[in-house]
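1. Need a 3D model of the following:
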Amino acid sequence: MKNTKFSGKLFEINLRHIRLIIGICFTMILSIITSVLLGKFIDVLGSGKFSGRENVFYIVGLFVLTILSLICTLLFVKWFPLNIQLQKSIDISQEIMEGVLKLPQKFYQAKDSGHYINLVTSSSFTFATIFSEINTNLIGNIFCVIILIVVSGFINPIFAIVFLIYIPLFYVMIHAPSKRISELQKNGLPTQDNFLSGTKQIVTDKKSINISRADEFYNKSYHEKSNKYLDFVTKYKFFETVSQEIPIILSGVLQILTLALSSYLFYKKQISLGTIILMFQFSNLLQSPLNTCFQILIYKSVNKAHIERIRDFIKLSSEKSGFEKYYKDQEELICIKNGKFFTTGDKDKLLFTVDDLKITKNSLVVVKGENGSGKSMFVNFITGFSDPESFEGDISLDSSLQKSSYLSYPILLVHGSLEENLFNEKSKENLFEVLNIDFRNKIIDDKSRNLSFGEQQKLNLLRVLSRDSSVIILDEPFTNLDKESIDSLTKYILSLKGKVSIIAITHSPEFDESADYILNIVDGKIVL
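-> Now for the predicted structure:
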């Protein structure tokens, strides 16, 4: 686990970045020396006064410098920055996913699944790319541009002036398309979210869609979402192509201008033939770091929406859930007075009311009511898995409810052994007999779900009942179980009475006679 928390800052220089910046500058210096040596070689050839030994010296020198420059380019310009970028991409993706898992339900439910898929993959990786580019390539290439201009000024100040004039011209030419791309990216991300959500839903629910004969409906919906996404991508790619081609065109313009200026100065006998070659090389060398600098800044501008998403999420994930005000260490498990429970935090629909309710710890509580009456919502609220604003009134909850062992749905399955499906937690041996589990050595397939519904329920119960928790919450614990398993489970649950707090949502009467409290939601009100 990393010691430093991801802050969302784009500028963060460390020793590794500094070493890489020095490497980028060293690579440029090697290229400059190579160009200078080539220019000298041309001058020597033009003078006609050179020996075979001198010729060998220049050829060998150029060969060694070229090979060394290529190696440095491969390492310092290509591989090491890419390595930093990939590592940062995974680091940010892992931290964002950790934040998603910790995000309070109130905030999580405000976005659909496509938003979070985009956040963990596309936005995280884009942010990491921008981060690594700014802290390595951008700074390194700015120094490279400065070095080139300074060296050009020593050769002839006119070249330095031309290069300095070219820089703002370059920026002006590429600014307009990059701005358009940025606008498209910001407005198009929700379209991408919808496309990803629609894709995920069909892939995940394929079997249910086929069984329900809903193929045509989902196909139509997917076509609508994918066509909107296509419209966004088409416009985005057009301006992206324009943005990428403009620097290439401008590079050619700079080379021609440099060549024309060099020819004029040569004609005026102010520079040599070798200097013409040297400055033509410099115009080539300048284009690469300059283009890199502006492309990084453009990429940052274009992907402003991704940066904002990441930063908004970091800020959101640090927010409190809102349930903190309800939890405290107290003698009662639940205390409610003049309470109203709503379907959402907007309080658009009242589910039920509670006049006065006190439930002591280590009690067996049965919650009953018609489907849709709010049983699960009540349990989700007291455990902190809903919107805290969906309640109105006076309520205090014991802190133990925050760490309750909760049987809920859908049932999670992972591909692997039973132990892996217990999420590496230790199971209680006596529960295998209580639940009549006969699939201990079976490899569970999360895709084909090669466990029957009853076996899946037993696995779910094994997880919940194996945890050491002072509060056990069971939402319809007898679903898909045979009578023998129901009787055995009932007996086991009743044996825990008085030792832990048990809240069971159930339509069946197994716990009724032994329950300390039966909460019945009738006509929009909890009746004790």
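
2. so what does the helix or strand hosting Ser396 touch, helix or strand wise?
-> Ser396 is located in strand 391-398, with elements delineated by DSSP states H and E. Applying 3 or more CB pairs under 8 Å, 6 or more residues apart in numbering; DSSP states H and E, we find strand 391-398 packed against strand 327-328, strand 332-342. All C-beta atoms are positioned from the backbone trio N, CA, C, and that covers glycine.

3. Neighbouring strands - and their directions - for the last one?
-> If I follow you right, that is strand 332-342. Strand 332-342 has its sheet partners listed here by DSSP bridges as strand 350-360 (antiparallel), strand 391-398 (antiparallel).

4. Centre of the chain to the helix or strand that the longest one is followed by, how far?
-> Moving toward the C-terminus from strand 350-360, the next helix or strand (DSSP H and E) is strand 364-369. Its chain's C-alpha centre lies 40 Å from the corresponding centre of strand 364-369 when counted by CA atoms, centre = their mean, to the nearest Å.

5. cool, and stretch 27-46?
-> Stretch 27-46 sits 47 Å away from the centroid of its parent chain (CA atoms, centre = their mean).

6. Alpha carbons of it, in CSV - could you do that?
-> In CSV, the C-alpha atoms belonging to stretch 27-46 read as follows (Å, rounded to 0.1, in the frame of the first residue of the first chain):
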residue,chain,number,x,y,z
THR,A,27,20.0,14.0,-25.5
MET,A,28,19.4,17.5,-27.1
ILE,A,29,23.0,18.6,-26.4
LEU,A,30,24.2,15.4,-28.1
SER,A,31,22.1,16.3,-31.2
ILE,A,32,23.4,19.8,-31.2
ILE,A,33,27.0,18.6,-31.0
THR,A,34,26.3,16.1,-33.9
SER,A,35,24.8,19.0,-36.0
VAL,A,36,27.8,21.2,-35.2
LEU,A,37,30.3,18.5,-36.1
LEU,A,38,28.3,17.9,-39.4
GLY,A,39,28.6,21.6,-40.2
LYS,A,40,32.3,21.6,-39.5
PHE,A,41,32.7,18.5,-41.7
ILE,A,42,30.9,20.2,-44.6
ASP,A,43,33.1,23.3,-44.2
VAL,A,44,36.2,21.2,-44.3
LEU,A,45,35.0,19.4,-47.4
GLY,A,46,34.2,22.7,-49.0
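
7. and the gap between Ser208 and Asp43?
-> 78 Å (CB to CB, to the nearest Å).

8. Oh, that last question was meant for Asn284, not what I typed.
-> Look at Asn284 and Asp43: by CB to CB, they are 19 Å apart.

9. same question, Lys320
-> 72 Å.

10. Those two: who's more crowded?
-> Neighbour count, other CB atoms under 10 Å: between Lys320 and Asp43, Asp43 has more, with 16 against 9.

11. which residues of the stretch 1-150 of the chain fall in helices?
-> 15-47, 52-72, 80-102, 105-108, 113-118, 124-132, 139-155 (DSSP state H, counting those that start in this stretch).

12. I'd guess Tyr236 is in a helix, am I close?
-> Yes. Assigned with DSSP: H, G, I helix; E, B strand; the rest coil, Tyr236 falls within a helix.

13. Pull up the gap between it and Leu230, please.
-> 11 Å.

14. Of those two, which one has the most company?
-> In this view Tyr236 and Leu230 are compared by other CB under 10 Å, and Tyr236 has more residues nearby, 17 against 12.

15. list the contacts for the more buried one?
-> Contact partners of Tyr236, counting by CB atoms under 8 Å, 6 or more residues apart in numbering, are Ile181, Leu184, Gln185, Gly188.

16. ditto for Thr136
-> Counting by CB under 8 Å, 6+ apart, Thr136 touches His17, Leu20, Ile21, Ile24, Phe80, Pro81, Ile84.

17. what stretches of the stretch 401-528 of the chain score poorly on pLDDT?
-> Applying pLDDT under 70 to the stretch 401-528 of the chain picks out residues 448.

18. wait, I meant the chain
-> Low-confidence segments of the chain, defined by pLDDT under 70: 1-5, 48-52, 448.

19. Could you state which residue of it sits nearest its centroid?
-> Nearest to the mean C-alpha position of the chain, by CA atoms, centre = their mean, lies Val120 at 1.8 Å.

20. unless I'm mixing things up, that residue is touching Val100, no?
-> Yes. Val120 lies in contact with Val100 (CB atoms under 8 Å); the separation is 6.8 Å.

21. Please work out how many residues are found near the nearest residue to Ser7 once chain neighbours are set aside.
-> Excluding the flanking residues, the one nearest Ser7 by CB to CB, 6 or more residues apart in numbering is Ile314, at 7.3 Å. The number of residues packed near Ile314 is 16, by other CB under 10 Å.

22. Pull out the buried positions in the helix or strand where Ile314 lies.
-> If you go by DSSP H and E, Ile314 is part of helix 304-317. Within helix 304-317, the residues that qualify as buried by neighbour count (16 or more other CB atoms under 10 Å) are Ala305, His306, Ile307, Arg309, Ile310, Phe313, Ile314, Ser317.

23. what do you get for stretch 422-430?
-> Using 16+ other CB under 10 Å as the test for burial, stretch 422-430 gives Leu422, Ser427.

24. Send me it as CSV with only the CA atoms.
-> Taking C-alpha atoms only, stretch 422-430 is exported to CSV below (Å, rounded to 0.1, in the frame of the first residue of the first chain):
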residue,chain,number,x,y,z
LEU,A,422,-15.5,-16.1,1.2
PHE,A,423,-13.2,-13.3,0.3
ASN,A,424,-10.3,-14.9,2.1
GLU,A,425,-12.1,-14.7,5.4
LYS,A,426,-12.2,-17.6,7.8
SER,A,427,-15.4,-19.7,7.9
LYS,A,428,-17.0,-21.3,11.0
GLU,A,429,-16.8,-25.1,10.6
ASN,A,430,-20.1,-25.8,12.3
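
25. what residues does that stretch touch?
-> Val414, Glu419, Leu462, Arg463, Leu465, Ser466, Arg467.

26. Ser427 versus the fifth one, what's the distance?
-> Yep, that's Leu465 we're talking about. 9 Å.

27. Repeat that for Ile92.
-> Distance from Ile92 to Ser427, by CB to CB: 35 Å.

28. again with Ile411
-> From Ile411 to Ser427 the distance is 16 Å (CB to CB).
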